[in-house]
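Colleague: have a look; sequence and predicted model below, questions after that.
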Amino acid sequence: MKIKKILLSSLLLVLLVIASACGSEGASGSGDSVTLKLAHSGSDKHQYNIAAKKFKKLVEKKTDESVKIEIHGNGTLGSEADVIEQVMDGSVDMTTVSADSSFANTIPEMNVFGIPYLFRDAEHVYNTLDGEVGQELLSLAEEKNMKGLGYWEVGFRHLTNSKREIHTPEDVEGLKIRVQPAPVWETHMKALGASPTPVDFNELYSALDQGVVDGQENPLPTIDSMKFYEVQKHVALTAHTYSPAIVVMNQGVWDKLNGDQQKAIQSASEETTTYIRETLAEKAEKIKSKLKENGVTITEPDRDKFREATKDVKDAVSEEVPQELIDRIKDQ
């Protein structure tokens, strides 16, 4: 009997410890505090990280540090596709990723951001993202166990390569161009006569350096922050598409936060959106100057010719992107 009492007491003690631990932890933390892991694939100077650092500062201030943000950049927790899966299953709390990259394989409608020349300018982009259409697209994340918090900035995308200057679509023919792993991008590059080659973003610099691909397409801040100018001496300002950096959190993690924490995080995400848009707009001309100083030739191609050459790309993703969605964006 004495042994049974000892065993019973030990068991009760273990159960109390487990219950205490379970009751005190959120994503990672103790008491009412929680630490959220935010993973991304960008370098320390990439748009993702600039925004993530601002977001971290705002969240921790707004919550009196009851919510802390732990940033994992440079693809340290895996490729963009890996991290999206981890956010869905809850092993990573948050990510920010280009909406038209691997994320479009999870939410097909995001292929809309890969349709060439859909947006007229930045004002058109922001009216769309901040309005009804953008919020409807964001809400699709809920179907994949994710909470959509908003859109940060990647930017208008431009072509770069190591072979030659690009002035017309004919200059792109035959080039091996790295594409994001989404259906719209393969069709896009084939329309220009290029050979589309999927490469994970965190492996792109080495692929360019080793000649696995001749070129790639990304916004100027990305070309700068990832130092692609070291291995790409020709930049063509095609501005062929705009990529938003969608910000998502695991739905279960979001649901465990209290109301004040949720409001603070949502508010911090929105403030970060404004901050990163303004910050990158201010950097544009400085980046061009820096590229030229590093021996990069910058051309301004005839965008009307590129628009004409890629006008049928939207048809290739008609199953993923409804025509109604395209029309609504055009009408913004």
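Modeller: Yep, that arrived.
Colleague: only C-alpha atoms for contact and neighbour calcs from this point on.
Modeller: Will do.
Colleague: next SSE after the host helix or strand of D82?
Modeller: Using DSSP states H and E, D82 falls within helix 80-89. Next helix or strand after helix 80-89 toward the C-terminus (DSSP H and E): strand 94-98.
Colleague: that following strand pairs with which strands?
Modeller: Strand pairing for strand 94-98, using DSSP bridges, gives strand 34-39 (parallel), strand 242-250 (antiparallel).
Colleague: okay, the ones you listed, which one's buried deepest?
Modeller: Per-stretch averages of neighbours, counted by mean count of other CA atoms under 10 Å, single out strand 242-250 among the strands paired with strand 94-98, with a mean of 24.
Colleague: can you show me the strands along the stretch 51-200 of the chain?
Modeller: Along the stretch 51-200 of the chain, counting by DSSP state E, counting those that start in this stretch, strands occupy 67-72, 94-98, 146-156, 158-161, 176-179, 195-198.
Colleague: need those in CSV (columns: distance to Q261).
Modeller: Formatted as CSV, those follow (distance: least, CA to CA, whole Å):
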stretch, distance to Q261
strand 67-72, 7
strand 94-98, 15
strand 146-156, 13
strand 158-161, 38
strand 176-179, 38
strand 195-198, 39
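Colleague: in a markdown table: these, plus mean pLDDT and distance to L36.
Modeller: Output for these, formatted as a markdown table (pLDDT from 0 to 100; distance: least, CA to CA, whole Å):
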| stretch | mean pLDDT | distance to L36 |
| --- | --- | --- |
| strand 67-72 | 98 | 5 |
| strand 94-98 | 98 | 7 |
| strand 146-156 | 98 | 14 |
| strand 158-161 | 98 | 33 |
| strand 176-179 | 98 | 31 |
| strand 195-198 | 96 | 30 |
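Colleague: L138: how many residues sit nearby?
Modeller: 23 (other CA atoms under 10 Å).
Colleague: so it touches E132, yeah?
Modeller: No: assessed by CA atoms under 8 Å, L138 is found out of contact with E132, at 9.9 Å.
Colleague: for Y205, give me its contacts.
Modeller: Residues in contact with Y205 (CA atoms under 8 Å, 6 or more residues apart in numbering) are M226, K227, F228, V231.
Colleague: which residue sits closest to the second one, ignoring its sequence neighbours?
Modeller: In this case it means K227. Of all residues not flanking K227 in the chain, Y205 sits nearest, at 7.9 Å (CA to CA, 6 or more residues apart in numbering).
Colleague: buried residues in the helix holding D82?
Modeller: Neighbour counts over helix 80-89 (16 or more other CA atoms under 10 Å) mark E80, A81, V83, I84, E85, Q86, V87, M88, D89 as buried.
Colleague: which elements pack onto that helix?
Modeller: Applying 3 or more CA pairs under 8 Å, 6 or more residues apart in numbering; DSSP states H and E, one finds that helix 80-89 contacts strand 94-98, strand 242-250.
Colleague: the shortest one to helix 80-89, inter-axis angle?
Modeller: Strand 94-98 and helix 80-89 meet at an angle of 140 degrees, taking axes from the mean of the first three to the mean of the last three CA atoms, to 10 degrees as the criterion.
Colleague: just the buried residues of strand 94-98, please?
Modeller: By neighbour count with 16+ other CA under 10 Å, strand 94-98 contains the buried residues M94, T95, T96, V97, S98.
Colleague: show me the helices in the chain, by range?
Modeller: With DSSP state H as the criterion, the chain has helices at 2-24, 47-62, 80-89, 103-106, 122-130, 132-139, 183-191, 204-209, 220-225, 251-256, 259-293, 303-309, 313-316, 323-330.
Colleague: elements contacting the last one?
Modeller: Just to be clear, that refers to helix 323-330. helix 132-139.
Colleague: this completes my enquiry, with thanks.
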